[in-house]
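Participant: Show me the folded form of this:
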Amino acid sequence: ATAAPPSVTLPGLAVGAAAGAAAAALALKNSPAKERFAFDASPVPAKDDIDSSIMYHAEHTATSTPANAAKPSAYQAYVAAAASVADRVLENWNATQATFDEENPKQVYYLSMEFLQGRALTNALGNLELTEEYAAALRKLGYELEDVVAAESDMALGNGGLGRLASCFLDSIASLELPGWGYGLRYKYGLFRQAVDGIDQTESPESWLDRSNVWEGPRYDVSY
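Facilitator: Numbering: from 1, shown residues only. The predicted model follows:
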């Protein structure tokens, strides 16, 4: 049996899917069948236009309807902002891959059973040095950045010091611009939830994937 395709928890879009969509769009553009389509989707906004980028994803990515795309819920605002940021991360990721292909450097492979990365949106914005710009854009939608960040489910892929240490190693590798990868397990359920019911402690699954994950893309072209 073929194993399930691995996931990369960095880009917001699968590279293969993006390439396939581009090829399909090109074929449609050069086909007479295009005349049968009455709807033309809005063009993807320039990456330096943060307001338009968030609104684009509010309509096309955040499972909104035209009626509420202009006033998304806190979760929809999070998905729209995260998808906008993930576009930029994907561009950097592709540029890094192109450098690896050209220079063929020795690379570090860090394997861990656990990774505690924390919330990805604030981490990505900090690394891109765009925290204030996105905060200002979200205020125009009526949200503070802190409220939008709170809508993100934590990737509960570890339990304590080992997972946090693994993520710190990856942060250091990135900060030092060393060619490296982190490999772990994509647990369907992460850390369990704890609650107190009267005098009893109760536990329940941490369903962090209930509403999918903006920050990962399936690698259908890779299997093990």
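
Participant: how far out from the middle of the chain is the longest helix belonging to the chain?
Facilitator: Using DSSP state H to define each element, the chain has its longest helix at helix 74-103. When C-alpha coordinates are averaged (Cα atoms, centre = their mean, to the nearest Å), helix 74-103 and its chain have centres 7 Å apart.

Participant: Any buried residues in that helix, and which?
Facilitator: For helix 74-103, a neighbour-count test (16 or more other Cβ atoms under 10 Å) marks 74-90, 93 as buried. (C-beta placed from N, C-alpha, C; glycine too.)

Participant: For that helix, give the mean pLDDT please.
Facilitator: For helix 74-103, mean pLDDT is 91.

Participant: Output the contacting helices and strands for it.
Facilitator: helix 15-29, helix 50-60, helix 120-128, helix 131-140, helix 145-149 (3 or more Cβ pairs under 8 Å, 6 or more residues apart in numbering; DSSP states H and E).

Participant: do that again at 7 Å, thanks
Facilitator: With contacts defined as 3 or more Cβ pairs under 7 Å, 6 or more residues apart in numbering; DSSP states H and E, the packing partners of helix 74-103 are helix 50-60, helix 120-128, helix 131-140, helix 145-149.

Participant: Report the helix or strand with the lowest average pLDDT across this protein.
Facilitator: Between all helices and strands in the chain, the lowest mean by mean pLDDT, DSSP states H and E belongs to helix 15-29, at a mean of 35.

Participant: Against A150, how distant is the closest residue to P72 other than its chain neighbours?
Facilitator: Distances taken as Cβ to Cβ, 6 or more residues apart in numbering place A58 nearest to P72, at 4.9 Å, with adjacent residues excluded. From A58 across to A150, the span is 18 Å (Cβ to Cβ, to the nearest Å).

Participant: These two: which is more packed in?
Facilitator: Under the criterion of other Cβ atoms under 10 Å, the comparison of A58 against A150 puts A58 first, with 24 against 12.

Participant: Surely that one is in contact with K71?
Facilitator: No: assessed by Cβ atoms under 7 Å, A58 is found out of contact with K71, at 9.2 Å.

Participant: Can you mark which positions in stretch 205-221 are buried?
Facilitator: In stretch 205-221, counting by 16+ other Cβ under 10 Å, buried: E206, W208, N213, V214, W215, E216, G217.

Participant: and if you look at stretch 154-163?
Facilitator: Across stretch 154-163, burial judged by 16+ other Cβ under 10 Å covers M155, A156, L157, G158, G163.
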